[in-house]
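Undergrad: Okay, here's the prediction I keep looking at, along with the sequence it came from:
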Amino acid sequence: GIEAKTLVFPYGEFDARVLDYTTRYYENSRGGVGVNGFDCNRYQIVNQELTNTTSPAEAIAWIEEAVKNKKWLVLMMHEVVTGTPAKYQYNAADLEQIVAYLAAHGIPVRTMQQALARRQACLGPNLIKNPNLENLDPSGWAFNWHRNNAVQVSVEPATVPRVFSSKNLLKITGSFQKNIASTAQIKLPDKGRRYFLSFFTGVTDIGPGDGAEIYLDELDKDGKWLSGQWLGGIYENTFGVPGFLYRPSSPQVTQVVVDIYSLTGGGVTFSGSNFFFGTINDHKNLSPIINLLLEN
């Protein structure tokens, strides 16, 4: 009778094949060690484990660091016991000290769903035109998108239903040249804000030195190119919803173009959909979030 929306990978181990199936059935997943930023991938949420040797002071230090940097800290533990904890157990009295600290300092404790909903609530409207690639021209290419060629860059129907994927996919296939797809020019409503870019993606067929990268062209009010920002890349086979933060490099930047491209000479296959680019509306007041995750 439980509707599970989060998958926690046993021992934190996963690969592209696991993520392939996870994105078909779950809204998010947890695997890996660290602290989550606003730009975290909802299918690779990371955590810090409370082991039988983790003191309350050490856990509180993690919390203080998350509060300072306005991060989302997931504290993961297995069985909670009274008395001396064995491996994969945590002492109940020590956990009470951690919870008391959170309560005394008014630090919000949320579930994974609530934390991701909090992030979504911070976002403004989607500024990308035709973000789901639903409107196509007679050739089958997406309106308000551009490409360097019609062979390696195309719109393909999605063959596998996924939680955050639309029915059409942007497909970029690597070759001897850089193959690129770009959005139409996006007008920035507020040059002083931070912006958030995300999309569902499946990246496969990656070889050594191969991958796909994301770049933003920065333009002035007349559409003249001023500069650009490299936001990041994907260099291993994966499925998920990565996030990227962007802030205009100067007040003269009033428009941007999102570029997604394959590296020259590679054989990567990039599939993407459900593209979003918009403001982070309460970027000055983002609050840290603590999540207590009991795995057993």
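TA: Sure, I can see it. Predicted model, so just to flag it, every value in this text is computed and none were measured.
Undergrad: Can you list the low-confidence ranges for the stretch 151-296 of the chain?
TA: Along the stretch 151-296 of the chain, the parts satisfying pLDDT under 70 run over 283-287, 293-296.
Undergrad: Let me see the ranges of the strands in it.
TA: Here the stretch 151-296 of the chain has its strands, by DSSP state E, counting those that start in this stretch, at 153-157, 168-173, 180-183, 186-187, 195-204, 212-219, 225-234, 238-240, 243-246, 255-262, 269-279, 289-294.
Undergrad: Now tabulate these in JSON lines and tack on distance to I98 and mean neighbour count.
TA: Using the backbone N, CA and C atoms, a C-beta is placed for each residue, glycine as well. Compiled in JSON lines, the strands of the stretch 151-296 of the chain are given as follows (distance: least, CB to CB, whole Å; neighbours: other CB atoms under 10 Å):
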{"stretch": "strand 153-157", "distance to I98": "48", "mean neighbour count": "16"}
{"stretch": "strand 168-173", "distance to I98": "43", "mean neighbour count": "21"}
{"stretch": "strand 180-183", "distance to I98": "44", "mean neighbour count": "21"}
{"stretch": "strand 186-187", "distance to I98": "43", "mean neighbour count": "16"}
{"stretch": "strand 195-204", "distance to I98": "31", "mean neighbour count": "22"}
{"stretch": "strand 212-219", "distance to I98": "37", "mean neighbour count": "21"}
{"stretch": "strand 225-234", "distance to I98": "33", "mean neighbour count": "15"}
{"stretch": "strand 238-240", "distance to I98": "30", "mean neighbour count": "22"}
{"stretch": "strand 243-246", "distance to I98": "28", "mean neighbour count": "18"}
{"stretch": "strand 255-262", "distance to I98": "41", "mean neighbour count": "22"}
{"stretch": "strand 269-279", "distance to I98": "35", "mean neighbour count": "21"}
{"stretch": "strand 289-294", "distance to I98": "8", "mean neighbour count": "19"}
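Undergrad: how about those strands, which one is nearest N52?
TA: With respect to N52, and counting by CB to CB, the nearest of the strands of the stretch 151-296 of the chain is strand 289-294 at 14.9 Å.
Undergrad: I'd say R147 and T173 touch.
TA: No. Look at R147 against T173 with CB atoms under 8 Å: they stay out of range, at 11.5 Å.
Undergrad: any common contacting residues for the two?
TA: When contacts are counted by CB atoms under 8 Å, 6 or more residues apart in numbering, R147 and T173 have V153, N179 as shared neighbours.
Undergrad: about what we covered before: can I get the strands of the stretch 151-296 of the chain in JSON lines including distance to R110?
TA: What follows is the strands of the stretch 151-296 of the chain, written out as JSON lines (distance: least, CB to CB, whole Å):
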{"stretch": "strand 153-157", "distance to R110": "37"}
{"stretch": "strand 168-173", "distance to R110": "32"}
{"stretch": "strand 180-183", "distance to R110": "32"}
{"stretch": "strand 186-187", "distance to R110": "31"}
{"stretch": "strand 195-204", "distance to R110": "19"}
{"stretch": "strand 212-219", "distance to R110": "29"}
{"stretch": "strand 225-234", "distance to R110": "26"}
{"stretch": "strand 238-240", "distance to R110": "21"}
{"stretch": "strand 243-246", "distance to R110": "18"}
{"stretch": "strand 255-262", "distance to R110": "30"}
{"stretch": "strand 269-279", "distance to R110": "22"}
{"stretch": "strand 289-294", "distance to R110": "5"}
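Undergrad: Looking at those, spot the one closest to G37.
TA: Ranking those by proximity to G37 (CB to CB) places strand 243-246 first, at 7.8 Å.
Undergrad: closest one to A4 among the strands of the stretch 151-296 of the chain?
TA: strand 289-294 (13.2 Å).
Undergrad: mind listing what the nearest residue to T183 once chain neighbours are set aside touches?
TA: With sequence-adjacent residues excluded and distances taken as CB to CB, 6 or more residues apart in numbering, T183 is closest to V258, at 4.5 Å. Taking CB under 8 Å, 6+ apart as the definition of contact, the neighbours of V258 are I128, S182, T183, I186, L197, I214, Y215, L216, F275, F277.
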